[in-house]
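Q: following is a predicted model, sequence given first.
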Amino acid sequence: MNIAYLSTEYPPMVYGGLGVYVDSISREIASMGHRVSVFTMGRPDLKRKETKKGVTAFREIPLPMGDALEIFYSRETLSWGSGLDFLNDLLSYNQLAAARLRDSGPFDLCVAHDWLALPAGMALRQSTPFIYHVHCTEIGRSEHPNQQLVSLEKKGARLADLVLTVSEAMKVELEGLGVPADKIRVCYHGVDTKLFDPSAVKPERLEMLRESYGLKESDKVLLFLGRLEPVKGVSQLLSALPLIRRSHPDVRLLLVGSGSLVDHLRSEAERLGGVLLIDRYLSPQEKAYHYALADLCIFPSIYEPFGIVALEAASMERACVVGASGVSGLREIVMKPETEKPTGVHVNARDPNDIAWGVNLALEDPDRLREWGRNARERVLEMFTWRKAAERTLSIYEEVIAYRS
C-alpha cells in the first residue's frame with residue numbers, strides 16, 4: 001500500500017501522544033514493506049522533504065493569512081481570541097498539505113489524524129479513500145467545548161469512508177455524537193518493548209538518577225508522567241497525597257511534564273513537600289529510566305481516550321493506578337485486582353479519596369506489586385506491540401480500499 005498521513009505532529013515537532021503514535025506506526029508499517037508519507041507542519045530550520053526508516057515526511061510552513069481572513073470572521077470565530085493566529089496557521093497548513101499530497105500521489109488512502117488535519121482530508125475525499133482517525137474529541141478534552149470544532153468533527157466523521165479510534169471507550173463516545181457504530185473501528189496503540197525493557201536498565205545509571213533527585217532507597221516513589229493539564233487529574237493527585245502519606249509516610253511523588261498548571265503545581269509541590277516537578281521534555285530513554293525508578297505509576301486522568309504512558313509503564317514492569325471513570329482507555333490497558341492477572345487499580349480520578357485508596361491498596365504489599373508489574377509486561381507483549389497494532393491497522397486500511405474500489 002501507498003499510505004498518506006495528515007498530522008500536525010511528527011518528529012521533531014511532537015507535543016503529546018499523537019506525535020508518538022504517528023511516528024511509531026509509520027515506521028512499523030514501513031518496515032512491513034509499505035510506503036508511508038506524512039504531511040505535517042514544518043519550521044524554517046527543518047527539511048521540507050525528508051525520508052528516514054522508510055517514511056517520507058513532507059513539512060509545510062504555514063503562510064500568514066490573518067490580514068485577509070479577518071474580513072470574513074464571524075462573532076463566533078472572533079471568540080477564539082489569541083487562538084486566531086493558530087487557527088489561521090492551521091487552515092494554511094491544511095491547504096498546503098492537501099495540495100502537496102494531491103501532487104505527490106496517487107495514494108491508496110489518506111488518514112487525517114484528529115480535527116487538526118480534517119480539512120485536508122475532507123478536501124481530498126473525492127479522489128482518495130479517506131479515514132478519520134480520532135485520538136480524542138473536543139467535547140471530551142475541553143471543559144468548554146468549541147462548538148465550531150464539535151461541528152467539524154461530526155462532519156468529518158460523516159464524510160469519511162471510515163472512522164478509526166483508539167479504544168472501546170472512544171467508540172462509545174463517538175456513537176454518542178451520532179457516528180454509526182458500523183462505521184467505527186477500534187485499534188489500540190502499541191509500545192516499543194525493546195526500548196521500554198526493564199532488563200536493559202543499567203543499575204549504576206538508575207542509581208545516579210535516584211541520587212540526582214535526592215531519593216533514598218527506603219522511599220516509595222510514585223510517578224506521574226504526562227501533560228500538566230486539568231484533564232489529567234494532577235490537581236486531584238496532589239490533593240490525595242496527604243491521605244496517601246497517612247498510610248505510607250515515605251512516599252515521594254515525581255511529576256514529569258509541562259502544561260498550563262505548571263505554576264500552580266509548583267506552588268503546591270513546595271507546600272506539600274516531597275514532590276519533585278520535572279518541567280522538561282524527556283527523551284524516550286530518559287522516560288524508561290524514570291519508569292524504572294518508580295515503585296508505582298499513577299495516571300489519574302479524568303478523560304483519557306487511550307493512555308500510551310500506561311503502556312510504557314507496563315512494558316517496564318510497573319503497575320499503575322489509573323483513572324477509569326467516564327471515557328477511559330486506561331481501563332482497557334490496566335487489569336483490576338479482581339481479574340485473573342491484575343496489573344493495577346482503577347479509581348475515580350475526580351475523587352482524591354478514591355485516588356488515595358487505590359495508591360494505598362497498591363503499595364500495601366510489595367511482593368504483590370511486583371507481581372502486578374510482571375503481569376503488565378506479559379500483557380503488553382501479548383496485546384500491545386507496534387507489530388500487532390500495525391497488522392490490525394493495515395487490515396482496516398485494506399477494508400476501506402476494497403470498499404472504494
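A: On my side now, so go ahead.
Q: I'd say residue 210 and residue 292 touch.
A: No: judged on Cβ atoms under 8 Å, residue 210 makes no contact with residue 292 at a distance of 9.9 Å. Using the backbone N, CA and C atoms, a C-beta is placed for each residue, glycine as well.
Q: who's more crowded, these two?
A: Using other Cβ atoms under 10 Å, the more surrounded residue of residue 210 and residue 292 is residue 292, with 22 against 17.
Q: any idea how far residue 87 is from the closest residue to the more buried one other than its chain neighbours?
A: Distances taken as Cβ to Cβ, 6 or more residues apart in numbering place residue 201 nearest to residue 292, at 4.6 Å, with adjacent residues excluded. For residue 201, the distance to residue 87 equals 44 Å [Cβ to Cβ, to the nearest Å].
Q: more neighbours: which of those two?
A: Set residue 201 next to residue 87 and count neighbours by other Cβ under 10 Å: residue 87 wins out with 17 against 14.
Q: what's near enough to touch the residue nearest to the more buried one when sequence neighbours are not counted?
A: If the residues on either side of it in the chain are set aside, residue 87 comes closest to residue 80, at 5.7 Å by Cβ to Cβ, 6+ apart. Residues in contact with residue 80, defined by Cβ atoms under 8 Å, 6 or more residues apart in numbering, are 86, 87, 146.
Q: roughly how far apart are the residue lying closest to the last one once chain neighbours are set aside and residue 256?
A: Just to be clear, that refers to residue 146. Spatial nearest neighbour of residue 146, excluding adjacent residues (Cβ to Cβ, 6+ apart): residue 138 at 6.0 Å. For residue 138, the distance to residue 256 (Cβ to Cβ) stands at 26 Å.
Q: next one: residue 323
A: Distance of residue 323 to residue 256, given as Cβ to Cβ: 17 Å.
Q: state the distance from residue 102 to residue 26.
A: 20 Å.
Q: which of these two has more neighbours?
A: residue 26 (26 against 17).
Q: close enough to count as contact, the more buried one and residue 55?
A: Yes: if you go by Cβ under 8 Å, residue 26 and residue 55 touch, sitting 4.5 Å apart.
Q: quick one: common contacting residues for those two?
A: 36, 38.
Q: now do the strands in the stretch 201-350 of the chain.
A: 220-225, 251-256, 275-278, 296-299, 320-323, 344-347 (DSSP state E, counting those that start in this stretch).
Q: what do you get for the stretch 1-150 of the chain?
A: Under the criterion DSSP E, counting those that start in this stretch, the stretch 1-150 of the chain contains strands at 2-6, 35-41, 49-52, 55-60, 109-113, 130-134.
Q: out of these, flag the one nearest residue 215.
A: Of all those, strand 49-52 sits nearest to residue 215, with 37.1 Å by Cβ to Cβ.
Q: of the contacts of residue 80, which is the nearest to residue 125?
A: Closest to residue 125, out of all of these and judged by Cβ to Cβ, is residue 87, at 21.8 Å.
Q: which neighbouring elements make contact with the top helix by length along the chain?
A: Taking DSSP state H as the criterion, the chain has its longest helix at helix 84-104. On a contact count with 3 or more Cβ pairs under 8 Å, 6 or more residues apart in numbering; DSSP states H and E, helix 84-104 meets strand 2-6, strand 35-41, strand 55-60, helix 66-69, helix 75-78, helix 118-124.
Q: now do it, average pLDDT.
A: In this model, helix 84-104 has a mean pLDDT of 95.
Q: swap in stretch 62-78?
A: On average, stretch 62-78 scores 89.
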